[in-house]
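Asks: Below are the sequence and a predicted model for it; my questions follow.
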Amino acid sequence: MSALQRLTQGGFSLGLELPLDNDWSPDGEARRLRDGRPFGVPDIRQQNALAILADQLGFRTLWLRDVPVYDPAFGDAAQVHEVFTYLGYLAGVTRDILLGTAAVVLPLREPVLTLKAAASVDQLSGGRLLLGIASGDRPVEYPIFGRDFDTRGAALRAQVAQLRGGRGALPEGIDVLPRPAQAALPLLVAGLAQQTPEWVGQHMDGWLAYPGTPEDHVRRAALWREVAGAKPYVSFIHLDLAEDPDAPLQRYRFGCRTGRRALIEELEAMRAAGVAHVGLQLRRNRRPLEETLHELAQEVMPVVQRAPAVAGAEAEAA
């Protein structure tokens, strides 16, 4: 079974977006100031242990972001470690959880080395890589790498063609090793990446949609189905899981604070809207992350990760 098939097995699944630190919570902010870390730079001392725990608890995917340089204007260092390097480490310390990028900024990277890095991670993980890609949205990064920001859309298309070809622009008789463990690396795109919806639907295996309400996803998923059929539609939630299971859902930008019962209702609504997988980001979470992961695994995942009850769009996506 491919990583893409595993992602949507059962019709719906939950994953986690790194970093695994609640540095945007009030307590996390206090720790950051005490440690002298810049805003957006998480404390990753427990991240490895929490990633292993997430694997053991049955979360479907760990999602990593590609943030090559720290820009205080953006204030977000993601999981700190370089994305492919850290994926290789995670491949060795986890067993079942899928490993996804959300997303690698292709126009900043050398195409053949990107292909080699991705294939290496896929081999080391036993075919667990989901290669999410993007065109990038931080203009400050492009001059650092000697790349042109305005032509990043065309650069992305060229790199996708090389990734699909499997060899890049190589001379005859030259190859890139290792080959991926999967028959083909699954490519998912964050947003539209400077492309038309039609191009994305034709060339990508899944869509990494920006966070939104279930109503937002109804509209977006309908557009995705028009151009991509039953290919997976994935999104994310910035979650602050309240200790009170009956706490009502309170929305904020990109996510919500909520008890688990309202969270289940939200996830069910997203599933009904056509979302096949949700990655949870816990940087705003006020409770200890280990405690939160256990509650999500024991009380939420058994409810929402089940086979679809009726035929329809969900069954097709599965």
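Replies: Received the coordinates, thanks.
Asks: quick check, distance from stretch 184-198 to the centre of its chain.
Replies: Taking the mean of its C-alpha atoms, stretch 184-198 sits 13 Å from the chain's own mean (CA atoms, centre = their mean, to the nearest Å).
Asks: My error: substitute stretch 174-194 in the last question.
Replies: Taking mean C-alpha positions (CA atoms, centre = their mean), stretch 174-194 and its chain are 15 Å apart.
Asks: end-to-end on it?
Replies: 32 Å (CA to CA, to the nearest Å).
Asks: What residues sit buried inside it?
Replies: Within stretch 174-194, the residues that qualify as buried by neighbour count (16 or more other CB atoms under 10 Å) are 176, 180-182, 185-190, 193-194. From N, CA and C alone the C-beta is placed, and that goes for glycine too.
Asks: Which of those fall in strands?
Replies: Mapping those onto strands (DSSP state E) picks out 187-190.
Asks: got a markdown table for these, with pLDDT and distance to residue 137 too?
Replies: Listed next are those as a markdown table, based on pLDDT from 0 to 100; distance: CB to CB, whole Å:
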| residue | pLDDT | distance to residue 137 |
| --- | --- | --- |
| 187 | 98 | 19 |
| 188 | 98 | 17 |
| 189 | 98 | 13 |
| 190 | 97 | 9 |
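Asks: Residue 69: which of those residues is nearest?
Replies: residue 190 (18.4 Å; CB to CB).
Asks: give me the number of residues near residue 14?
Replies: Residues near residue 14, counting by other CB atoms under 10 Å, number 20.
Asks: so who does it touch?
Replies: In this structure, residue 14 makes contact with 59-60, 267, 277-280, 296, 300-301, 304-305, judged by CB atoms under 8 Å, 6 or more residues apart in numbering.
Asks: State the distance from it to residue 264.
Replies: Distance, residue 14 to residue 264, using CB to CB, to the nearest Å: 11 Å.
Asks: which neighbours do these two share?
Replies: With CB under 8 Å, 6+ apart as the test, residue 14 and residue 264 both reach 300, 304.
Asks: quick one: the helices in the stretch 151-300 of the chain?
Replies: 152-165, 197-203, 214-228, 260-273, 289-295 (DSSP state H, counting those that start in this stretch).
Asks: With respect to residue 44, which of those helices lies nearest?
Replies: The nearest among the helices of the stretch 151-300 of the chain, by CB to CB, is helix 289-295 at 11.8 Å.
Asks: Render the CA-only coordinates of the closest one in CSV, please.
Replies: Extracted C-alpha coordinates of helix 289-295, given in CSV (Å, rounded to 0.1, in the frame of the first residue of the first chain):
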residue,chain,number,x,y,z
LEU,A,289,1.7,18.0,24.8
GLU,A,290,2.1,14.4,26.0
GLU,A,291,-1.2,14.6,27.9
THR,A,292,-2.9,16.1,24.9
LEU,A,293,-1.6,13.5,22.5
HIS,A,294,-2.9,10.7,24.7
GLU,A,295,-6.4,12.3,24.9
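Asks: C-terminal to that helix, which secondary structure element comes first?
Replies: Toward the C-terminus, helix 289-295 is succeeded by helix 301-304 as the next helix or strand (DSSP states H and E).
Asks: Now residue 210: closest residue in space, sequence neighbours ignored.
Replies: Nearest non-adjacent residue to residue 210, counting by CB to CB, 6 or more residues apart in numbering: residue 191, 6.4 Å away.
Asks: wait, doesn't residue 139 sit right on residue 148?
Replies: No: using CB atoms under 8 Å, residue 139 is not in contact with residue 148; the gap is 10.4 Å.
Asks: quick one, what contacts residue 184?
Replies: residue 164.
Asks: Would you mind measuring from it to residue 71?
Replies: 34 Å.
Asks: can you pull the contacts of the closest residue to residue 292 other than its chain neighbours?
Replies: Computed as CB to CB, 6+ apart, the closest residue to residue 292 that is not its neighbour in sequence is residue 241, at 5.2 Å. Counting by CB under 8 Å, 6+ apart, residue 241 touches 257-260, 263, 282, 285, 287, 292, 295-296.
Asks: What is the nearest of those residues to residue 109?
Replies: For those, the nearest to residue 109 is residue 282 (27.9 Å; CB to CB).
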